[in-house]
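Model the structure of this input:
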Amino acid sequence: MRAVVKFIKWLLGLVVAAVAALFAWLYLAPPELIRVGSGYSAKIVCSNVFIAGRDANEVLAVDVQAPGHPLLKLMKVSVDKERGLVSAGLLWVLGKSVAVDRDGVGCASVPDGDTGKARQTSVRAAAPTAAAQPEALWPEGERVGAWQNPEVSKIIDDPAMAGAGLRAVVVVKNGRIVAERYGDGFSAKTPLLGWSMTKTVNAAIVGTLVKDGKMALDNNGLFAPWKADGRAAISLADMMAMSSGLEFNEDYGNVADVTRMLYLESDMAGFGEAKPLTGEAGKVFSYSSGTAVMLSRLWQDAIGDKAKALAWPRTALFEPLGMHSAVLETDEQGTFVGSSYLYATAHDWARFGQFLLQGGVWNGAQVLPAGFVDWMRQLAPASKVYGKGQVWIEGPGDEESPGAGVAAGLPNDTYWMEGHDGQTVAIIPSEQLVVVRLGLTPAKLGYRPQTMVAALVKALH
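Predicted coordinates for the structure are as follows:
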């Protein structure tokens with residue numbers, strides 16, 4: 001009996017030692033997957049708390065844990081509102097990551113923990129725009145006029161049409177909002193993340209620099225290290241069309257280039273810039289968030305002055321369009337994350353969609369070069385589904401079957417902004433129609449907004 005007891009004690013001691021050793025390893029050298037998970041948790045909670053004013057626990061449970069990797073269910077967060085800091089870790093302490101809020105440029109992941117350096121990037125709050133008229137009808141203000149179309153109401157009230165996890169639908173016809181709906185806990189005042197719809201906005205910002213003569217689409221030799229090898233041939237137009245030929249893994253499943261860039265790299269553009277060629281520039285389509293962040297770095301460098309560049313999205317685009325809620329976030333180094341991180345209300349996302357529909361003109365002013373939006377929506381030479389300027393010619397789920405959107409009843413001039421987890425803006429010039437749909441709708445649910453948009457086209461024709 002003593003031998004049995006002795007063996008059990010020995011076995012328990014071995015288990016305790018093994019657990020302690022495992023904990024020490026995870027604490028001292030956490031695997032990248034844990035660090036990506038904690039970085040993602042800290043960043044998403046930070047932005048939603050400090051930009052959207054949402055509850056941290058709700059964001060962690062609903063936005064981070066419910067739809068994500070099983071590992072995320074073990075993530076815990078701590079929010080310091082006075083210091084503008086959010087920390088996250090597996091069971092609070094393992095693989096700990098931090099995100100920091102800054103004035104005017106939202107939250108940034110801080111992979112190296114240097115929050116002081118991250119805080120050096122900020123933008124002084126813009127003065128109220130004299131022309132802002134909140135009580136005026138949208139888009140001049142925020143008021144939505146009375147509308148009577150029971151068929152439209154039926155469409156956007158149908159859960160199958162609007163999709164699971166709906167947070168906002170805004171329907172714009174002939175330049176006015178004719179219908180809108182919001183999910184529980186969300187409203188016309190809630191800034192919502194557009195994810196990769198940010199890429200289209202970033203492309204428009206490039207357009208403002210092209211208009212000013214600071215950038216040209218045929219520019220190449222874009223980064224100094226590229227001039228010494230085959231990357232010298234990559235043009236700005238190649239990058240806009242996602243046809244740079246650079247290596248980049250856009251798989252969100254585990255630790256890939258895109259998740260490493262967003263949550264483990266303090267200099268996201270530098271990470272993308274270091275990637276080698278895997279194909280001929282202009283000949284191979286490869287969707288890449290790294291490309292979009294490098295575009296941000298290029299247009300910021302084209303401006304030159306750091307403070308002016310940080311203010312540029314607001315002064316050159318958001319304020320002229322009345323997108324007063326819009327916050328484009330930067331990384332720790334101060335490069336705008338033009339791939340992923342624009343928060344704006346559904347009304348402001350609709351303003352941007354209407355801006356594209358109007359060919360880059362707003363209130364009679366040519367904000368983008370004449371013809372630039374038409375160029376953006378031309379089919380990229382290396383793709384059957386993507387435009388030359390960071391827009392989709394085919395809608396979600398149609399990428400593998402070009403023309404499916406038209407077959408579903410959409411006009412052939414329909415094009416799209418698309419983002420992770422069900423963010424879309426459909427733009428249909430021939431119908432003078434813009435449809436914004438925002439939510440938390442993972443791709444695995446198979447939701448396709450084309451059905452709703454086609455039904456709206458028919459109802460409003």
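
Would you mind giving me the confidence score for residue 228?
Per-residue confidence (pLDDT) for residue 228: 95.

how far is stretch 402-411 from where the chain is centred?
26 Å (C-alpha atoms, centre = their mean, to the nearest Å).

Do me a favour and get the end-to-end distance for it?
Length of stretch 402-411, first residue to last, C-alpha to C-alpha, to the nearest Å: 14 Å.

Roughly how far does residue 211 sit from residue 235?
18 Å (C-beta to C-beta, to the nearest Å). All C-beta atoms are positioned from the backbone trio N, CA, C, and that covers glycine.

swap that for residue 153, sorry
Taking C-beta to C-beta, one finds residue 153 at 47 Å from residue 235.

quick one: average pLDDT of the strand or helix carrying residue 426?
Here residue 426, judged by DSSP states H and E, is contained in strand 423-428. For strand 423-428, mean pLDDT rounds to 98.

Check residue 404 and give its pLDDT.
pLDDT at residue 404 comes out at 68.

and residue 356, helix, strand or coil?
Assigned state for residue 356: helix (three-state reduction, DSSP: H, G, I helix; E, B strand; the rest coil).

Spit out the contact partners of it.
The contact partners of residue 356, taken as C-beta atoms under 8 Å, 6 or more residues apart in numbering, are 200, 204, 373, 376, 391, 427.

what stretches of the stretch 351-461 of the chain score poorly on pLDDT?
For the stretch 351-461 of the chain, applying pLDDT under 70 flags the ranges 400-401, 404, 406-407.

for the stretch 1-150 of the chain, that is, sorry about that
4-5, 7, 9-29, 125-132.

how does it look with 90?
1-30, 67-69, 91-93, 124-135, 146-148 (pLDDT under 90).

same check, this time on the stretch 151-300 of the chain
In the stretch 151-300 of the chain (pLDDT under 90), the answer is 251-254.

let's see it at 80
Residue ranges of the stretch 151-300 of the chain with pLDDT under 80: 252-254.

correct me, but residue 149 touches residue 456?
No. Contact criterion C-beta atoms under 8 Å: residue 149 and residue 456 do not qualify, at 9.8 Å.

These two - which one has more neighbours?
More crowded of residue 149 and residue 456, by other C-beta atoms under 10 Å: residue 456, with 27 against 15.

I'd guessed the more buried one sits against residue 172; true?
No. Judged on C-beta under 8 Å, residue 456 makes no contact with residue 172 at a distance of 10.4 Å.

Which residues are in contact with each of these two?
Common neighbours of residue 456 and residue 172 (C-beta under 8 Å, 6+ apart) are 433, 435.

what's around residue 361, how many residues?
Residue 361 has 14 nearby residues by other C-beta under 10 Å.

can you pull up the bridge partners for it?
residue 366 (DSSP bridges).

Contacts only, for it.
Contacts of residue 361 by C-beta under 8 Å, 6+ apart are 355, 367-368.
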